[in-house]
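K.L.:
okay, predicted coordinates and the sequence, questions at the end:
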Amino acid sequence: MGHLDHAAYGWLTPALSYVMASIGAALGLRCTVRALAATGASRRNWLLTAASAIGTGIWTMHFVAMLGFEVNGTEIHYNVPLTVLSLLVAMLVVGAGVFAVGYGKDRGRSLVLGGLTTGLGVASMHYLGMAALRLHGDVSYDPLTVGLSVAIAVVAATAALWAALNIKSPVAVAVASLVMGAAVSSMHYTGMMAVAVSVSPSDAALPGATAMQFIFPLAVGLGSYLFITAAFVALSPTADERAASASAAQHLGEHTVPAH
């Protein structure tokens with residue numbers, strides 16, 4: 001069995017991956033809160049932004065953490081199409097869960113459906129990303145630990161969506177985001193504890209791309225997207241702010257004396 005190192009660079013990759021998961025969760029929760037206060041196309045657009053933020057944050061968290069993953073006796077490459085597919089799955093399935101909450105009539109049923117869908121999406125992204133690994137050897141999983149990681153993903157997603165439905169203040173959302181980031185990170189490392197690798201030493205070239213050739217540039221790009229989106233959300237007025245502005249403008253118009 002090959003020795004697995006989940007933090008080859010020390011605390012750098014776990015800490016950075018946690019930060020990315022928390023940022024994605026914070027953006028997703030803020031956008032969902034905005035969506036629930038909006039109607040029509042505005043609600044849809046906020047939910048789409050929420051899904052992309054959460055999906056991107058989860059994917060970036062996973063692969064930043066994977067930058068610190070090493071197996072003694074073999075290089076590690078990644079299948080590019082499968083890696084990109086894992087990102088699309090994260091966004092699509094998380095989007096389905098977010099839209100279930102955003103448009104559901106029965107809040108309780110929508111929360112359960114959205115949490116289950118989103119949690120399974122997080123788990124699917126993780127294990128699809130793991131399926132993209134290319135190394136000299138065979139990868140196997142402990143079923144019980146895999147099941148535990150999926151359960152953590154579902155509970156974490158349900159808690160995050162509950163927070164989006166019930167928590168409105170920025171401070172409370174920030175706290176919920178930190179908890180969500182910790183839950184997503186816990187799911188990832190629980191899933192990684194299920195992994196065992198039987199190394200078969202070989203001089204043959206591995207297919208796919210190395211982490212630095214593909215994963216690192218993509219993670220940097222997606223991280224930049226999260227920061228740009230964070231700036232957009234921070235500068236965009238809330239529904240209450242828009243209503244107050246409209247009321248102030250109307251009040252001013254009513255008290256303006258016409259020129260003669």
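P.N.:
That came in fine, so what should we check first?
K.L.:
ok, residue 227 - contacts?
P.N.:
The contact partners of residue 227, by CB atoms under 8 Å, 6 or more residues apart in numbering, come to residue 23. (C-beta placed from N, C-alpha, C; glycine too.)
K.L.:
helix or strand for it, which one?
P.N.:
Assigned by DSSP states H and E, residue 227 belongs to helix 216-235.
K.L.:
same thing with residue 139?
P.N.:
strand 137-141.
K.L.:
what about the strands in the stretch 1-150 of the chain?
P.N.:
Ranges of strands within the stretch 1-150 of the chain are 4-5, 70-71, 76-78, 133-135, 137-141, based on DSSP state E, counting those that start in this stretch.
K.L.:
which intervals of the stretch 101-250 of the chain have sub-threshold pLDDT?
P.N.:
237-250 (pLDDT under 70).
K.L.:
about what we covered before: list the buried residues of the helix holding residue 227.
P.N.:
The neighbour-count check on helix 216-235 (16 or more other CB atoms under 10 Å) flags 218, 219, 222, 223, 225, 226, 229, 230, 233 as buried.
K.L.:
for the stretch 51-200 of the chain, which segments are assigned as helices?
P.N.:
Listed in chain order, the helices of the stretch 51-200 of the chain (DSSP state H, counting those that start in this stretch) span 80-103, 107-131, 143-166, 170-193.
K.L.:
before we move on, the earlier item: export the strands of the stretch 1-150 of the chain to JSON lines and tack on distance to residue 52 and mean neighbour count?
P.N.:
JSON lines is the format used below for the strands of the stretch 1-150 of the chain (distance: least, CB to CB, whole Å; neighbours: other CB atoms under 10 Å):
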{"stretch": "strand 4-5", "distance to residue 52": "32", "mean neighbour count": "14"}
{"stretch": "strand 70-71", "distance to residue 52": "31", "mean neighbour count": "19"}
{"stretch": "strand 76-78", "distance to residue 52": "22", "mean neighbour count": "20"}
{"stretch": "strand 133-135", "distance to residue 52": "25", "mean neighbour count": "20"}
{"stretch": "strand 137-141", "distance to residue 52": "29", "mean neighbour count": "14"}
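K.L.:
which of those strands sits closest to residue 112?
P.N.:
For residue 112, the closest of the strands of the stretch 1-150 of the chain is strand 137-141, at 27.1 Å, according to CB to CB.
K.L.:
to residue 20, which of the strands of the stretch 1-150 of the chain lies closest?
P.N.:
Proximity to residue 20 (CB to CB) singles out strand 76-78 among the strands of the stretch 1-150 of the chain, at 17.8 Å.
K.L.:
who does the closest one pair up with?
P.N.:
Strands adjacent to strand 76-78 in the sheet, as given by DSSP bridges, are strand 133-135 (antiparallel), strand 209-210 (antiparallel).
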